[in-house]
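K.L.:
Need the 3D shape of this:
(one chain, ligands or ions: 2)
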Amino acid sequence: MSGSQSSLLLQHHLKQLKLPTVLREYESLAEVCAKERAAYPEYLLRLVERELLDRERKAAERRLRDARFPVVKTVDSFDFSAQPSVNEQMYRELLQGEYMDKRENVLFVGNSGTGKTHLATALGFAACAQGRRVRFYGVTGLVTELLESRENRRLERLMGQLCRNHLLILDELGYVPFSKAGAELLFDVVSRAYERQSLVVTTNLPFENWVEVMGTERLTGALLDRLTHRVHILEANGESYRLRQAQKRLRNKKSE
Ligand code: ADP
Ligand code: MG
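P.N.:
Ligands and ions are numbered 1, 2, ... in the order given. Modelled structure (predicted):
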């Protein structure tokens, strides 16, 4: 077989085997290894390692895309000294992700602008980096999607998609009250997640007010029961970070 024939065949086989990085790099790496007089197994090892690394990087990018964070935030950009009410030690422990192995939930409670969504997103980001499947939802958006999918007879499919995640983030419970059907569907999600996957919920509402969004005492009780059976609660109280930044800017302007 001629050299060009065998390289054509090799390229074909590598495509079939779905080894794009090997395909892209086998020639240039062969030159490098020839120069270095590296043995064949060493060449093969380096080539395969590149394929693996590329695969892991792509999978991580895909997980991050699939999580649909509205804005990607990480713990590095969170200033804990600006929000002393947040238990930093507890939060950093949660970043390790063990709570997901135990199917425990995390609840961020506090007023607006205190960094709840930021911290919830950063937890999700860390989970993605650990190879877990994560999905972020604004609670209102999720409930709308649930109601629509029920109308289109796609509810089971959506529920199935939700269940496939290791972690579901439900952001901003409490800003808009749900319809009766909406509250029941949300309860369904929480109920199916119970002891199967972890939930991270952010809310501005203390527990006693949850009935205002869920509608009935019975449903609220049942939801809280499941959500808080195994839960880590982080309180983020104090002033709004946004408001403070805006005030700072205003003060700086005045003193100019
Ligand atoms: P909440 O969800 O509690 O209303 P957000 O997480 O949306 O608050 O925070 C509002 C904005 O302020 C976001 O852009 C967030 O990144 C930023 N922010 C809030 N707290 C902090 C903090 N302590 N350090 C850095 N950025 C913060
Ligand atoms: Mg928020």
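
K.L.:
for ligand 1, what are the nearby residues on this structure?
P.N.:
Applying CB under 6 Å from any ligand atom, one finds that the chain approaches ligand 1 through 73, 77-79, 82-83, 112-118, 202, 236, 241-242. Placement of C-beta: from N, CA and C, glycine included.

K.L.:
Show residues contacting stretch 123-135.
P.N.:
With contacts defined as CB atoms under 8 Å, 6 or more residues apart in numbering, stretch 123-135 is touched by 59-60, 63-64, 66-69, 72-75, 94-95, 97, 100, 106, 136, 162, 164-169, 200.

K.L.:
Give me the buried positions along it.
P.N.:
123, 124, 125, 126, 127, 128, 130, 132, 133, 134, 135 (16 or more other CB atoms under 10 Å).

K.L.:
and the residue in the stretch 101-250 of the chain that ligand 2 sits nearest to, how many neighbours does it have?
P.N.:
In the stretch 101-250 of the chain, the residue found nearest to ligand 2 is residue 117; the distance is 3.2 Å by CB to the ion. By the criterion of other CB atoms under 10 Å, residue 117 has 22 neighbours.

K.L.:
how about stretch 222-231: buried residues?
P.N.:
Quick answer for stretch 222-231 (16+ other CB under 10 Å): 223, 224, 226, 227, 231.

K.L.:
element containing the second one?
P.N.:
Assigning secondary structure by DSSP states H and E places residue 224 in helix 217-228.

K.L.:
Work out for me the element residue 127 sits within.
P.N.:
Using DSSP H and E, residue 127 sits within helix 116-129.

K.L.:
got the angle between the very next helix or strand once past that helix and helix 116-129?
P.N.:
Using DSSP H and E, the helix or strand that follows helix 116-129 in sequence is strand 134-138. Taking axes from the mean of the first three to the mean of the last three CA atoms, to 10 degrees, one finds strand 134-138 and helix 116-129 inclined to each other by 160 degrees.
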